[in-house]
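[1] Below is the structure, and that's it, no one-letter string:
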């Protein structure tokens with residue numbers, strides 16, 4: 001079955017233009033379109049897995065309308081759609097701060113945008129697990145490239161991500177759910193650690209620790225972990 005994309009856009013011409021762009025994407029995608037908040041909520045179908053949502057923030061550009069943000073808020077509170085990427089489309093840059101910091105905004109496109117911009121976002125989404133979205137302990141939503149992660153450590157409900165950009169703390173995922181969504185080169189080497197095998201420099205069998213490239217930290221590994 002082809003991936004499905006949901007579009008919420010009140011301007012028919014712009015909506016059709018976006019559909020035409022997506023139809024030219026190398027992978028066949030099904031497009032579902034709604035023009036207002038009520039029809040969008042009615043069209044959501046639990047039998048369809050949406051790969052992405054393209055959401056116009058202001059569905060009536062003559063007013064201070066934020067129905068697009070309301071729709072994204074509904075998605076973020078619904079377990080069926082919480083992890084589905086939302087790409088905001090807007091002509092109003094002043095809405096971007098709210099979209100980035102209060103909602104699970106995957107990306108945003110300022111109108112008018114090009115087909116290449118749409119393709120870039122679809123490339124990022126359809127690539128296998130090249131990034132994960134996090135809500136940090138400070139309440140900030142962010143996208144983290146998995147190639148930037150050295151290892152992940154569990155502290156109770158908290159997950160500490162050791163990355164090229166420093167440490168990031170989040171409660172969004174469990175060890176089990178991370179194992180399901182991360183690429184294959186991430187392995188659970190210990191009950192409290194997931195390691196990116198790309199950054200393992202060496203193993204110390206006596207201490208049962210792994211030395212990680214580019215950082216000084218050594219992390220433990222369990223009896224059932226085998227370094228290939």
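    Structure received. Note that this is a predicted model, so its numbers are computed, not measured. Residues are numbered from 1 along each chain as shown.
[2] What separation do you get for residue 68 and residue 190?
    43 Å (C-beta to C-beta, to the nearest Å). Any C-beta I mention is one placed from the backbone N, CA and C, and that applies to glycine too.
[3] Residue 110 too?
    Distance from residue 110 to residue 190, by C-beta to C-beta: 44 Å.
[4] So the two - more neighbours on which side?
    residue 190 (22 against 13; other C-beta atoms under 10 Å).
[5] contacting residues for that one?
    219-222, 225 (C-beta atoms under 8 Å, 6 or more residues apart in numbering).
[6] was I right about residue 185 contacting residue 195?
    No. With contact defined as C-beta atoms under 8 Å, residue 185 does not reach residue 195; the gap is 9.3 Å.
[7] These two: who's more crowded?
    In this view residue 185 and residue 195 are compared by other C-beta under 10 Å, and residue 195 has more residues nearby, 25 against 13.
[8] what does the helix or strand where the more buried one lies contact?
    According to DSSP states H and E, residue 195 maps onto strand 193-196. Applying C-beta under 8 Å, 6+ apart, the contact partners of strand 193-196 are 146, 149-154, 175, 178-179, 182, 185-189, 210, 212, 219-221.
[9] Show me what it pairs with in its sheet, parallel or antiparallel.
    With DSSP bridges as the test, strand 193-196 is paired with strand 149-155 (antiparallel), strand 186-190 (antiparallel).
[10] what's the average pLDDT for the helix or strand just after the longest one?
    Remark: after strand 149-155, the chain's next helix or strand is strand 158-163, criterion DSSP H and E. Strand 158-163 carries an average pLDDT of 95.
[11] Adjacent strands (with direction) for strand 158-163?
    If you go by DSSP bridges, strand 158-163 pairs up with strand 149-155 (antiparallel), strand 166-170 (antiparallel).
[12] Flag the shaky bits of the protein, pLDDT-wise.
    Low-confidence segments of the chain, defined by pLDDT under 70: 1, 46, 61-64, 94-104, 127-130, 226-228.
[13] Now do the buried residues in stretch 201-216.
    By neighbour count with 16 or more other C-beta atoms under 10 Å, stretch 201-216 contains the buried residues 203, 209-212.
[14] Of the contacts of residue 190, which is the nearest to residue 199?
    Distance ranking of these against residue 199, using C-beta to C-beta, places residue 219 first at 10.4 Å.
[15] which residues does the residue nearest to residue 157 when sequence neighbours are not counted contact?
    In space, and not counting its chain neighbours, residue 157 is closest to residue 171: 5.2 Å by C-beta to C-beta, 6 or more residues apart in numbering. Going by C-beta under 8 Å, 6+ apart, residue 171 touches 135, 137, 157-159.
[16] Closest to residue 86 out of the residues you listed?
    Distances from residue 86 to these, taken by C-beta to C-beta, are shortest for residue 135, at 13.5 Å.
[17] Surely that closest one touches residue 170?
    Yes. Taking C-beta under 8 Å as the definition, residue 135 is a contact partner of residue 170 at 6.2 Å.
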